[in-house]
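A.B. asks: structure for the following, please:
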Amino acid sequence: MRRLRILTWHTHGSYLYYLTQAPHDFYVLSKPGRPPGYAGRSGHLPWGDNVHDLPAEAARGARFDVVLFQDDAQYLEDQHVLLSEAQRRLPRIYLEHDPPQQHPTDTRHPADERDVLVVHVTPFNALMWRHERAVTRVIEHGVVVPPGVEHTGELARGIVVVNHLARRGRRLGADVFAYARRRVPLDLVGMGAEEADGLGEVRHDALPKLVARYRFLFNPIRYTSLGLAVIEAMMVGVPVVGLATTEMATAVENGVSGFVDTNVDRLIEHMQRLVADAEEARRLGAAARAVARERFGIGRFVRDWNAAFAAVT
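C.D. replies: Got it, this is the predicted structure:
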């Protein structure tokens, strides 16, 4: 397909990096001070030459082929303030990263309009959001990990990767993590990890190599999308232990690529066994890597996004 000029926002940096592996030009809005959502082309991610920083005030005078929203405020407010009437008639996609945060089954999506394509990142999210008019499709995650990084598991511990766990509370499983850590050696990394006695933030490019040293990754989150950290861990051969909720229930197969359950005490037993049995962790990790390569490969991800762009243009 022809190369497109796509306007978007810097909502989730890691996802934006993977999205920009598609062969198009991405114009990412920025504002002075780089506030959340307007970081533009910034940070330590190795952005390609197809990622362009665009000051928000310059958007109205630029030419685009597609507008790609990633947040309610962008769709409900920004497009009416930053874009011209003609730009608002361009093909529009709303990339929904999360399941509904209000009522889990009855919340109507804010972009439920006939002329907007809503893309969900997991089948679970698509199932839970209420759509009456919008066309929807699912594009599951695709990730890239540094070449040569493989699970070693020399640290007889588990690792948890969640940003701002302490302040985000029960939905992200702060209490589950605290309960499990009293019985299993667990290290927490991510933004604000120090607030929960964690190790702190780790650069995205360094994270796979760090995670690969642990016996397993533990995901304590009750209700969110399937986290990129989970997929990245699987891609380097790290088994995953987590709650059998949302898309996690389909991503990890019990006793094959890790363990999922809604009983935290049973998960703790599995984690204790992995701490004691490095060979079991390696076996599960090898299967996790095979699943991740097949389901979450970047080639499939790019093909799916190209199909979505082609559909709207």
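A.B. asks: show me the contacts for the closest residue to E194 other than its chain neighbours.
C.D. replies: The shortest distance from E194 to any non-neighbouring residue, by C-beta to C-beta, 6 or more residues apart in numbering, is to G200 (5.5 Å). (Each C-beta comes from the backbone N, C-alpha and C, glycine too.) Residues in contact with G200, defined by C-beta atoms under 8 Å, 6 or more residues apart in numbering, are V189, A193, E194.
A.B. asks: please repeat the previous calculation with a cut-off of 10 Å.
C.D. replies: G200 sits next to L188, V189, G190, M191, G192, A193, E194 when contact means C-beta atoms under 10 Å, 6 or more residues apart in numbering.
A.B. asks: what's the neighbour count on P32?
C.D. replies: For P32, the neighbour count with other C-beta atoms under 10 Å is 9.
A.B. asks: dihedrals phi and psi, it?
C.D. replies: Phi and psi for P32, reported as degrees, to the nearest 10, are phi -50, psi 140.
A.B. asks: what about the residue nearest to the spatial centre of the chain, distance to R182?
C.D. replies: Centroid-nearest residue in the chain: L228, 4.0 Å away (criterion: C-alpha atoms, centre = their mean). Applying C-beta to C-beta, to the nearest Å, the value for L228 to R182 is 28 Å.
A.B. asks: and V240, by the same measure?
C.D. replies: Using C-beta to C-beta, V240 is found at 21 Å from R182.
A.B. asks: those two: which has the busier surroundings?
C.D. replies: Taking neighbours as other C-beta under 10 Å, V240 and R182 compare with V240 leading, 27 against 8.
A.B. asks: just checking, L45 touches L19?
C.D. replies: No. The pair L45 / L19 is not scored as a contact, 11.5 Å apart, by C-beta atoms under 10 Å.
A.B. asks: mutual contacts of the two, please.
C.D. replies: Common neighbours of L45 and L19 (C-beta under 10 Å, 6+ apart) are V51.
A.B. asks: three-state assignment of the nearest residue to R203 once chain neighbours are set aside?
C.D. replies: In this structure, R203 finds its nearest non-sequential neighbour in H44, 5.4 Å apart by C-beta to C-beta, 6+ apart. Following DSSP: H, G, I helix; E, B strand; the rest coil, H44 is assigned to coil.
A.B. asks: list the contacts for H44?
C.D. replies: Taking C-beta under 10 Å, 6+ apart, we find H44 in contact with G13, R203, H204, D205, A206.
A.B. asks: same check, this time on T262
C.D. replies: Counting by C-beta under 10 Å, 6+ apart, T262 touches R222, L243, A244, T245, A249.
A.B. asks: residues contacting the last one?
C.D. replies: Going back to what we said before, that points to A249. A249 is in contact with F124, L226, G242, L243, V260, D261, T262, counting by C-beta under 10 Å, 6+ apart.
A.B. asks: what's the closest of the residues you listed to R215?
C.D. replies: Among the contacts of A249, G242 lies closest to R215 (C-beta to C-beta), at 14.4 Å.
A.B. asks: touching, the closest one and L267? I think so.
C.D. replies: Yes. The pair G242 / L267 is scored as a contact, 7.5 Å apart, by C-beta under 10 Å.
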